[in-house]
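[1] I'd like to go over a predicted model; first the sequence, then the structure.
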Amino acid sequence: MLCSLGLLATPSAFGSFSPSSNKTRTLRSTVNHQIPKQLAAEFKGGSQKLLRRHVVSSNSVHGRVRSYGSPISAVMTEDSSTMATSEEDTENVGILDVDSALQPFKDHFQYRIKKYVDQKDLFEKYEGGLEEFAKGYLKFGFNREEDGIVYREWAPAAQEAQIVGDFNGWDGSNHKMEKNQFGVWSIKIPDSEGNPAIPHNSRVKFRFKHGDGVWVDRIPAWIKYATVDPSRFGAPYDGVHWDLPPSERYEFKYPRPPKPNAPRIYEAHVGMSSSEPRINSYREFADDVLPRIRANNYNTIQLMAVMEHSYYASFGYHVTNFFAVSSRSGTPEDLKYLIDKAHSLGIQVLMDVVHSHASNNVTDGLNGFDVGQMSQDSYFHTGERGYHELWDSRLFNYGNWEVLRFLLSNLRWWLEEYKFDGFRFDGVTSMLYHHHGINMGFTGNYNEYFSEATDVDAVVYLMLANSLIHSILPDATIIAEDVSGMPGLGRPVSEGGIGFDYRLAMAIPDKWIDYLKNKNDEEWSMKDLSGSLTNRRYTEKCISYAESHDQSIVGDKTIAFFLMDKEMYSSMSCLTDACPTVERGIALHKMIHFITMALGGEGYLNFMGNEFGHPEWIDFPREGNGWSYERCRRQWDLVDTDHLRYKFMNAFDRAVNALDDKFSFLSSTKQIVSSTNEEDKVIVFERGDLVFVFNFHPENTYDGYKVGCDLPGKYRVALDSDAWEFGGHGRVGHDVDHFTSPEGIPGVPETNFNNRPNSIKVLSPARTCVVYYRVKENPEETNNGNYGLFNETLQDDASKQENAEESATLVDVRAEENPRETSNSDLASTDTKMPIDGAKKKNMEEPASVPDKKIASSKLDDPEVEEMEGGTSED
């Protein structure tokens with residue numbers, strides 16, 4: 001089934017021709033101070049199995065369309081002729097080989113592939129190709145050309161135009177601009193006595209008269225910097241001409257670091273990164289926060305709120321100036337310093353880019369260029385299609401030639417000028433569908449993704465964007481924030497996919513919030529948790545996370561605050577015994593984040609401060625809180641104070657990242673869930689060659705617990721959440737050798753233990769997670785026979801997995817054998833030493849232990865094994 005009709009964006013020099021709506025919307029002015037939450041809160045479930053099949057209608061939804069005066073006629077005619085002309089080029093759609101259930105939608109993929117190819121052909125014919133087309137910042141805005149400054153602005157609705165600013169006393173009578181036939185205004189301002197007529201760091205605006213005869217001042221669309229007078233409350237922003245002398249420009253000193261096999265992402269907001277109640281700067285973040293991120297072994301930073309936004313409390317998602325850095329935190333050179341320093345530490349930097357919508361602010365933003373004209377002459381659609389009712393923001397017309405130039409050039413600008421290493425695209429669900437995901441609960445039915453509700457113009461834009469980014473920077477990391485789970489979002493453009501490297505696993509944090517809010521510990525389902533964490537399309541990579549900035553904003557709580565609440569104000573000192581609430585909270589905080597990382601995706605994300613269990617919530621200064629910054633900061637002193645328990649969560653976060661550095665389990669395609677035991681509250685799985693044992697039971701400790709594994713040999717503890725340095729009780733011995741026992745007939749899974757050919761027996765304390773690695777005693781395998789607790793591995797280089805990895809994640813439901821049916825002789829032959837002291841206590845009194853009420857040895861009731869095969873779609 002094809003999708004919503006859209007013309008190809010077609011050019012004529014700087015022209016733009018695209019269909020317009022028959023509706024126009026009334027101009028909205030000023031900044032809206034009611035910022036809705038992101039779509040993540042709107043949809044709680046709905047995902048499709050990869051191999052699920054659906055019967056769909058193949059009826060055509062398109063008719064003929066007419067040209068809008070472009071010298072290139074619209075490519076679209078009727079469905080049949082469109083498909084016929086592209087049949088030869090698009091007959092073999094690669095994504096259909098990946099997922100045959102998409103076969104009924106072959107015509108959709110052929111249509112959008114053709115539209116993408118045709119659009120690129122037009123760029124090649126009229127602009128020299130996609131990459132050249134995306135250099136719009138060299139043509140538009142302010143640029144040096146032949147002893148002068150040339151300024152160009154696309155504003156077809158303007159009747160007259162001038163450039164005004166400090167340089168001419170805000171009198172544009174001597175700086176009138178000329179308009180060409182395609183709506184582009186331009187002026188060349190010669191140098192004065194060898195100096196630029198518009199000085200560096202001086203204010204400028206685009207003044208134009210629209211159809212009503214009214215003159216208005218607007219910040220140039222392509223401005224590189226914008227500032228506001230901080231002494232005036234509610235003052236409008238001014239565009240700033242940023243053109244430093246070459247000798248004063250920041251020069252990057254360090255190359256981009258290599259792309260990690262699996263990104264471990266630290267999501268950060270520079271402005272709120274200070275421990276003081278104020279806005280932090282780029283340079284302070286670079287000098288004070290980057291070392292913390294590096295110390296915790298993150299390899300990627302995702303920077304929020306980089307693009308200029310006049311309303312601080314929008315979290316950076318209501319962008320007003322797309323090419324300008326947020327001036328609250330410093331200058332363009334300051335941001336370059338931050339990125340360069342991150343690169344010097346081996347950390348990639350991703351930008352949270354917002355191309356899904358634009359601020360409704362007409363005074364400071366791009367919306368000021370909309371004066372009621374038709375969509376073909378505007379950055380935005382007209383009428384309802386151009387307005388997002390939940391976000392109170394404007395929606396781009398992705399079928400417009402100049403809009404494509406603006407957005408694609410914007411991506412190239414941030415890559416080239418600031419050396420970003422990739423992007424996280426915000427609000428992708430809103431872009432993909434005409435309904436923007438509003439009031440939609442995606443069930444996984446493929447008809448929900450490929451119908452007349454799909455915005456093909458936006459899909460093609462995203463294909464162009466991903467193609468462009470990877471052509472400029474092949475090692476770029478590109479992430480989609482999509483809650484719908486659209487198939488193909490994370491497949492290459494060459495296959496007919498949209499081309500993202502990853503998408504955010506947005507259902508996972510919703511699952512944790514549901515459990516924390518609505519279930520007591522005894523009601524936690526191991527099968528449900530495991531299923532939610534593994535519910536994704538195995539051919540499309542995901543970034544998992546337990547919480548991001550979304551879960552921290554006012555009206556919600558961080559996971560730590562959900563778990564410990566008011567006790568975080570009085571019971572976090574190591575100088576007194578931990579109360580049961582804090583004991584439980586720290587244990588579950590470690591387990592929730594770690595199992596999300598280890599089982600939930602091919603990359604991991606954590607928001608700034610959550611690594612140490614930051615309390616409370618985020619509340620930006622606003623009228624409702626007296627414009628206070630008190631909760632718009634990060635309390636680093638909590639984790640830096642040695643006698644507070646925040647340090648335990650931080651140390652564990654550092655260790656789990658080091659574990660991935662050492663064993664590369666996140667990038668491994670081998671992911672096998674062998675046991676989800678509801679009675680024991682235990683989940684056992686393998687990722688790479690590591691064996692993970694998560695015991696969520698609030699009371700039961702299991703001694704001699706039988707755990708299935710793949711490879712025979714000797715296993716030892718690689719990481720233990722119960723270790724003293726992580727706030728635990730040191731119950732698990734780290735110098736114990738766990739020897740495997742063969743299970744059943746080799747190569748016959750049904751005869752094995754939980755479908756695993758070998759097993760080990762371990763101690764599994766209540767509310768702990770322990771990871772085991774196989775000791776490779778053959779010198780050809782490794783020259784390090786003991787990795788210890790893993791504080792040693794914080795110093796080690798990451799080792800590569802040498803054994804062949806299974807190429808798919810396995811899921812099936814079969815009978816699970818009782819891991820606790822074991823004899824004393826089995827125990828004696830399994831462990832060469834009894835568990836002893838665990839990790840040693842280090843310069844601290846032992847925290848009070850919550851006694852384990854019983855060492856369980858009862859038999860299982862209705863045992864079951866969960867294996868993941870093929871994977872599924874998530875969300």
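    The structure has been received and is ready for your questions. Numbering: from 1, shown residues only.

[2] Does the closest residue to F142 other than its chain neighbours lie in a helix or a strand, and which?
    Distances taken as CB to CB, 6 or more residues apart in numbering place Y151 nearest to F142, at 5.2 Å, with adjacent residues excluded. Bear in mind the C-beta positions are built from the backbone N, C-alpha and C, glycine included. Assigned by DSSP states H and E, Y151 belongs to strand 148-154.

[3] still on that earlier bit, mind pulling up the pLDDT for the residue nearest to F142?
    For Y151, the pLDDT comes out at 98.

[4] so it sits right up against P220, yeah?
    Yes. If you go by CB atoms under 8 Å, Y151 and P220 touch, sitting 7.4 Å apart.

[5] what's the overlap in contacts for the two?
    Common contacts of Y151 and P220, defined by CB atoms under 8 Å, 6 or more residues apart in numbering, comprise 141-142.

[6] Look at the two and report which has more neighbours.
    Shown here are Y151 and P220; by other CB atoms under 10 Å, P220 has more neighbours (26 against 23).

[7] And what about that one, helix, strand or coil?
    coil (DSSP: H, G, I helix; E, B strand; the rest coil).

[8] Local confidence estimate at it?
    We have a pLDDT of 98 for P220.

[9] from memory it sits against Y137, does it?
    No. The criterion here is CB under 8 Å, and P220 misses it with Y137 at 11.5 Å.

[10] Do you know the pLDDT at Y787?
    We have a pLDDT of 42 for Y787.

[11] swap in the one 4 residues further on?
    According to the per-residue confidence, N791 scores 42 in pLDDT.

[12] now do I553
    pLDDT, read off for I553, is 79.

[13] Neighbours of it, how many?
    19.

[14] Now do the contacts for it.
    When contacts are counted by CB under 8 Å, 6+ apart, I553 touches 37, 315, 617-619.

[15] Got a quick ChimeraX command for the buried subset of the residues you listed?
    Buried residues among these (16 or more other CB atoms under 10 Å), as a ChimeraX selection:
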select :315,618,619
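
[16] Now I672: closest residue in space that isn't a chain neighbour?
    Nearest residue to I672 in three dimensions, chain neighbours excluded: E686, at 4.6 Å (CB to CB, 6+ apart).

[17] Mind listing the strands the host helix or strand of the one you found pairs with, and their directions?
    Using DSSP H and E, E686 sits in strand 682-687. If you go by DSSP bridges, strand 682-687 pairs up with strand 671-677 (antiparallel), strand 690-695 (antiparallel).

[18] Kindly provide the distance from the closest residue to I760 other than its chain neighbours to V707.
    Nearest in space to I760, with sequence neighbours left out and distances taken as CB to CB, 6+ apart, is H738 at 4.2 Å. Distance check for H738 against V707: by CB to CB, to the nearest Å, it reads 9 Å.

[19] who has more neighbours, those two?
    In this view H738 and V707 are compared by other CB under 10 Å, and V707 has more residues nearby, 29 against 24.

[20] For the more buried one, give me its contacts.
    Taking CB under 8 Å, 6+ apart as the test, what V707 contacts is 674-675, 684, 691, 693, 759-762, 772, 819.

[21] same thing with N168?
    N168 neighbours (CB under 8 Å, 6+ apart): 174-175.

[22] Over to the one 3 residues further on?
    Contacts for D171 were tallied using CB under 8 Å, 6+ apart; they are V164.

[23] doesn't S202 make contact with W170?
    No. Counting by CB under 8 Å, W170 stays clear of S202, with 11.2 Å between them.

[24] before we move on, the earlier item: how near is the residue nearest to I760 to F692?
    14 Å.

[25] How about I543?
    I543 sits 19 Å away from F692, going by CB to CB.

[26] Please work out how many residues are found near the residue nearest to I672.
    The tally of other residues near E686 (other CB under 10 Å) stands at 24.

[27] and what of S741?
    15.

[28] try the one 4 residues further on
    Counted with other CB under 10 Å, the neighbours of I745 add up to 11.

[29] per-residue pLDDT, it?
    87.

[30] quick one: it and T751 touch, right?
    Yes. With contact defined as CB under 8 Å, I745 counts as touching T751 (4.6 Å).

[31] Strands of the stretch 151-300 of the chain, residue ranges please.
    160-165, 178-179, 184-190, 202-209, 215-218, 226-228, 237-241, 264-269, 300-304 (DSSP state E, counting those that start in this stretch).

[32] Output the contacting helices and strands for the longest one.
    This means strand 202-209. On a contact count with 3 or more CB pairs under 8 Å, 6 or more residues apart in numbering; DSSP states H and E, strand 202-209 meets strand 160-165, strand 215-218, strand 237-241.
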